[in-house]
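In: Please find the sequence and the predicted model below.
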Amino acid sequence: MRLGLQLGYWGAGPPDGAAEMVVAAERAGFDAVFAAESWGSDAFTPLAWWGSRTERVLLGTSVAQLSARTPTSCAMHALTLDHLSGGRAVLGLGVSGPQVVEGWYGAPFGKPLARTREYVSIVRQVLAREAPVTNAGPHYPLPYAGPGAVGLGKTLRPITHPLRADLPIWLGAEGPKNVALAGEIADGWLAIYYSPRLGPTYQDWLADGMSRPGARRAREEFTVAASCSVVVTDDAAGEVARLKHTMALYLGGMGAPGQNFHADVFSRMGYAEVVAEIGVLFREGRRAEAAAAVPDELVEDTAIIGTAEQVRAGVARWQAAGVDMLIVGCRDVDQLGSLAQAVAEPLARPLASE
């Protein structure tokens, strides 16, 4: 199984030991390092700064938020990182949610699928550098001719020649329509809260997109990279209990009542009643009770926890369910090393970015 290290996004300040963790990940055989963003640190700068100490690992955003930057600006970030890293950039994109998009970026959240399709199309135009970039809209019209325009917009193509026209774009997606869109227009799917139990369902969603006219990849050329808590431990019960607090946050605190995409993921898994209860408790400020309401099996459905032998068996199960790369978080270099020793095995086929 391929491994990717998830650095995530920062809290109040930069995380301690991240630079050493990135170097250790490459030495331990990890295949990629990812950084995220929410409404604090950005996803590109940590990869450029800490990634400069590496030579082999892929450097990916998981994810860069669409509303954080225009499509052409995002393409500029990606092509710059790709040059600096010698062709190791992976552009992971996601729509985020309405609270962040409208509350932080001051942009409309509506029509996320259409916006994603348009956004990716523009990024690919920039990377191809075959002609000046144009787009009829309606979400990202180029040149802009709407309210406030002075009428002098000019079609342009990048001054800098991108290193790779086919720089891989992976989409963060949770629902069936968005996963199908990833299968149609992207090179990979960044899955969050993947459950091997639903592996055939996910493959059907991807196949829907890949069967559409003009689809970019066949399944054997496509990468499924799933975020997963993988912990080698003799205290599985303690680790499950710790993860329940994170689960309660994502199920009850990430999103608004009636529109929480993470909660929807678990409802589709069959936990709708539990998800509703956790949401109520969390919104009432009863966070400890919300965490306690998370059943063990909900955590175990989307995590791999146990002894080295149990972790190896779990990884094999995830691989059989269609996962090509596990994106994992590690608390320190020691945990990273034990995880790599238990998990790392070569895949029979390369990633779509190689």
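Out: Okay, I see it. The structure presented is a predicted model; accordingly, all values stated were derived computationally and were not measured.
In: ranges for the helices of the stretch 201-350 of the chain?
Out: 236-252, 261-266, 272-283, 287-292, 296-301, 308-320, 333-343 (DSSP state H, counting those that start in this stretch).
In: cool, and the stretch 51-200 of the chain?
Out: Using DSSP H, counting those that start in this stretch, helices in the stretch 51-200 of the chain cover 71-84, 98-103, 112-128, 176-185, 199-210.
In: is it possible to export the ones you listed to JSON lines including mean neighbour count?
Out: Heads up, the C-betas are built off the backbone N, CA and C, glycines and all. What follows is the helices of the stretch 51-200 of the chain, written out as JSON lines (neighbours: other C-beta atoms under 10 Å):
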{"stretch": "helix 71-84", "mean neighbour count": "20"}
{"stretch": "helix 98-103", "mean neighbour count": "16"}
{"stretch": "helix 112-128", "mean neighbour count": "19"}
{"stretch": "helix 176-185", "mean neighbour count": "22"}
{"stretch": "helix 199-210", "mean neighbour count": "18"}
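In: Please report the number of neighbouring residues for the residue lying closest to residue 289 once chain neighbours are set aside.
Out: Distances taken as C-beta to C-beta, 6 or more residues apart in numbering put residue 281 closest to residue 289, at 4.9 Å, once the chain neighbours are dropped. By other C-beta atoms under 10 Å, the residues close to residue 281 number 20.
In: Could I get the phi/psi values of the residue most central in space within the chain?
Out: Geometric centre of the chain, nearest residue: residue 62, 3.6 Å, by C-alpha atoms, centre = their mean. Dihedral angles of residue 62 (phi, psi; degrees, to the nearest 10) stand at phi -140, psi 80.
In: Do you know the pLDDT at it?
Out: Here the pLDDT value assigned to residue 62 is 96.
In: Check the gap between residue 280 and residue 130 for me.
Out: Shown here: residue 280 relative to residue 130, a distance of 53 Å by C-beta to C-beta, to the nearest Å.
In: Of the two, which one has the most company?
Out: With neighbours defined as other C-beta under 10 Å, residue 280 and residue 130 compare such that residue 280 has more, 15 against 9.
In: on that earlier part again, surely the residue nearest to the centre of the chain and residue 6 touch.
Out: Yes. With contact defined as C-beta atoms under 8 Å, residue 62 reaches residue 6; the gap is 6.5 Å.
In: Now for the two: what residues contact both?
Out: Taking C-beta atoms under 8 Å, 6 or more residues apart in numbering as the criterion, residue 62 and residue 6 both touch 34, 36, 227, 327.
In: What is the neighbour count of the last one?
Out: Yep, that's residue 327 we're talking about. For residue 327, using other C-beta under 10 Å, the count is 26.
In: Dig out what it forms beta bridges with.
Out: residue 4, residue 227 (DSSP bridges).
In: Hmm, residue 186 is touching residue 210, no?
Out: No. Contact criterion C-beta under 8 Å: residue 186 and residue 210 do not qualify, at 10.4 Å.
In: Thanks again, I'm all set now.
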